[in-house]
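**Student:** A structural model of the following input is requested.
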Amino acid sequence: MRGRRGVMLVLLGCCGLLRCSRSHFDELCQSGTFESPDAGTCEPVATCTAGEYESAPPTANRDRTCAVLTPCGAGEYESTLPTATRDRICTALTVCTAHEHESIPPTATRDRVCSTNAEVSAGQLHTCALDEAGHVTCWGDNSYGQTSVPASLGSIVQISAGQLHTCALDEAGQVICWGEDSHGESTVPAGLGSSVQVSAGSRRSCALNHAGTVTCWGWNWRDHNTVPAGLGVIVQVSAGGAHTCALDDAGAVTCWGNSTRGMTTVPDGLGPIIQISAGGSHTCAVDDAGQVSCWGYDAEGQSTVPTGLHSIVQVDAGTYVSCALDDAGHVSCWGDDSVGESTVPTGLGSVVQVSAGSRHACAVDLAGAVTCWGANESGQSTVP
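**Tutor:** Below you'll find the predicted structure:
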């Protein structure tokens with residue numbers, strides 16, 4: 001009897017190492033194995049490989065089922081990331097309507113952001129707004145004619161208020177500027193051709209064409225109009241006080257011009273950037289994770305990004321204030337608040353675009369209504 005029991009114990013012990021038939025021994029399969037219903041043996045549980053997820057978990061008598069991750073197709077983005085036990089979820093990209101434009105392009109993991117064609121741009125002492133019909137209205141200081149909108153303007157698709165001048169882009173890609181022109185900032189170069197974006201800075205202007213090439217004109221005190229060679233394909237340009245920044249199609253930022261306060265020294269380790277803004281003497285950018293980074297002059301805290309900001313889709317650097325817009329339509333501003341420029345009004349509603357000027361800021365809501373706050377000595381915050 002003792003001999004038979006010893007043999008049994010030896011054989012049972014072997015089942016931890018061998019695939020033992022459960023028809024011979026009444027024991028449970030060990031962790032990491034399952035009972036094969038066909039062979040009646042304990043088999044190792046399958047391991048899902050890279051590019052797979054566990055679509056059905058293993059049981060005592062069933063192997064794990066692994067499935068290939070669904071690839072997102074053209075016109076889709078990954079709205080929900082995959083996990084070890086869940087497939088990725090692909091969602092169709094939002095299509096902007098005839099009354100909207102793509103304010104933030106899509107990425108592999110984020111939908112595009114469509115904004116109403118209404119737009120606002122805060123300059124130094126003046127503000128300009130664009131309505132959905134393509135009409136421009138400007139208000140505030142008009143010492144240099146910067147708020148005197150030319151009667152000959154066609155249908156406008158983008159507006160940019162600079163220090164003492166204003167530029168607009170019409171639906172044909174033509175750039176038109178007006179206001180101060182002592183440095184040629186309002187004299188658009190002949191042969192500029194069709195443009196897709198314009199940016200008015202301090203006594204100078206820059207435009208971006210369909211090929212991704214930047215052209216700047218006007219004041220060139222610190223070579224901020226001298227576009228560096230080898231920039232690559234540019235998707236956005238921003239003209240600041242005495243510096244300029246450009247964003248290429250790979251999400252890399254290049255800045256040039258005056259760097260006495262570090263505004264052209266792009267920080268190392270920035271993630272892929274989706275939008276930039278050059279301010280008076282500082283620069284801000286939004287990466288593809290919705291995080292904001294700012295660098296340069298910080299005497300008023302305009303480059304010190306508040307903690308807790310997340311899911312940002314747009315940032316705008318003014319002179320002494322910076323403002324950001326998140327994907328829920330909420331605005332946050334920081335920097336100087338001596339005249340209330342960083343104190344965002346309550347009851348703004350859902351905002352689609354924000355603009356920071358010298359000491360005032362403005363926002364456009366979903367209905368296309370403009371609200372401004374902060375300095376108002378020239379009427380720049382009094383919306384008509």
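
**Student:** For Gln353, give me the backbone phi and psi.
**Tutor:** phi -160, psi 140 (degrees, to the nearest 10).

**Student:** and it, how many neighbours?
**Tutor:** Neighbourhood size, Gln353 [other C-beta atoms under 10 Å]: 21. Backbone N, C-alpha and C define where each C-beta goes, glycine included.

**Student:** Kindly provide the distance from it to Ala317.
**Tutor:** Note on Gln353: its distance to Ala317, by C-beta to C-beta, to the nearest Å, is 15 Å.

**Student:** Same question for Glu78.
**Tutor:** According to C-beta to C-beta, Glu78 and Ala317 sit 30 Å apart.

**Student:** neighbour count winner among those two?
**Tutor:** Each of Glu78 and Ala317 has its neighbours counted (other C-beta under 10 Å); Ala317 has more, 29 against 18.

**Student:** hang on, isn't that one packed against Ala285?
**Tutor:** No. Taking C-beta atoms under 8 Å as the definition, Ala317 is not a contact partner of Ala285, at 9.2 Å.

**Student:** which residues do the two both contact?
**Tutor:** Ser277, Cys294 (C-beta atoms under 8 Å, 6 or more residues apart in numbering).

**Student:** show me where pLDDT drops low in this protein?
**Tutor:** Across the chain, the ranges flagged by pLDDT under 70 are 1-27, 98-99, 103-104, 115-116.

**Student:** how's it carved up into domains?
**Tutor:** Per automatic domain parsing, the domain ranges recorded for the chain read 19-88, 117-374.

**Student:** got those domains as a markdown table, with distance to Glu100 columns?
**Tutor:** Formatted as a markdown table, the domains of the chain follow (distance: least, C-beta to C-beta, whole Å):
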| stretch | distance to Glu100 |
| --- | --- |
| domain 19-88 | 17 |
| domain 117-374 | 6 |
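
**Student:** looking at those domains, which is closest to Cys96?
**Tutor:** Closest of those to Cys96 is domain 117-374, at 9.5 Å (criterion: C-beta to C-beta).

**Student:** How far does that closest one sit from its chain's centre?
**Tutor:** Here domain 117-374 is found 14 Å from its chain centre; the criterion is C-alpha atoms, centre = their mean, to the nearest Å.

**Student:** just the CA coordinates of the strand or helix carrying Ala246, formatted as CSV?
**Tutor:** Ala246 belongs to strand 243-248 when assigned by DSSP states H and E. This file holds the C-alpha atoms of strand 243-248, laid out as CSV (Å, rounded to 0.1, in the frame of the first residue of the first chain):
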residue,chain,number,x,y,z
HIS,A,243,11.1,88.1,-33.1
THR,A,244,9.4,85.7,-35.3
CYS,A,245,8.5,82.0,-34.9
ALA,A,246,7.5,79.3,-37.4
LEU,A,247,6.0,75.8,-37.0
ASP,A,248,6.8,73.1,-39.5
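
**Student:** Against which helices or strands is that strand packed?
**Tutor:** strand 214-218, strand 234-239, strand 253-257, strand 273-278, strand 282-287 (3 or more C-beta pairs under 8 Å, 6 or more residues apart in numbering; DSSP states H and E).

**Student:** picking that back up, would you tell me which one of the domains of the chain is buried the most?
**Tutor:** Mean neighbours per residue, mean count of other C-beta atoms under 10 Å, is largest over these for domain 117-374, with a mean of 20.

**Student:** Can you get me the start-to-end distance on that one?
**Tutor:** This stretch, domain 117-374, spans 24 Å end to end (C-alpha to C-alpha, to the nearest Å).

**Student:** hmm, back to that, quick one, which of the helices and strands packed on strand 243-248 gets closest to Ala369.
**Tutor:** Closest to Ala369 of the helices and strands packed on strand 243-248, according to C-beta to C-beta: strand 273-278, at 22.6 Å.

**Student:** Okay, now the sheet partners of that closest one, with direction.
**Tutor:** strand 282-287 (antiparallel) (DSSP bridges).

**Student:** okay, the angle between the strand it pairs with and strand 234-239?
**Tutor:** 150 degrees (axes from the mean of the first three to the mean of the last three C-alpha atoms, to 10 degrees).

**Student:** just the CA coordinates of strand 282-287, formatted as PDB?
**Tutor:** Extracted in PDB, the C-alpha atoms of strand 282-287 (Å, rounded to 0.1, in the frame of the first residue of the first chain):
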ATOM      1  CA  HIS A 282       8.000  85.900 -25.100                       C
ATOM      2  CA  THR A 283       6.700  82.900 -27.000                       C
ATOM      3  CA  CYS A 284       4.100  80.200 -26.200                       C
ATOM      4  CA  ALA A 285       3.300  76.900 -27.800                       C
ATOM      5  CA  VAL A 286       0.800  74.000 -27.500                       C
ATOM      6  CA  ASP A 287       1.900  70.400 -28.000                       C
END
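
**Student:** how far off strand 253-257 does that strand point, in degrees?
**Tutor:** Interaxial angle, strand 282-287 versus strand 253-257 (the same axes, to 10 degrees): 170 degrees.

**Student:** Can you give me the separation between the nearest residue to Trp373 once chain neighbours are set aside and Gly212?
**Tutor:** In this structure, Trp373 finds its nearest non-sequential neighbour in Pro345, 5.4 Å apart by C-beta to C-beta, 6 or more residues apart in numbering. Per C-beta to C-beta, Pro345 is found 38 Å from Gly212.
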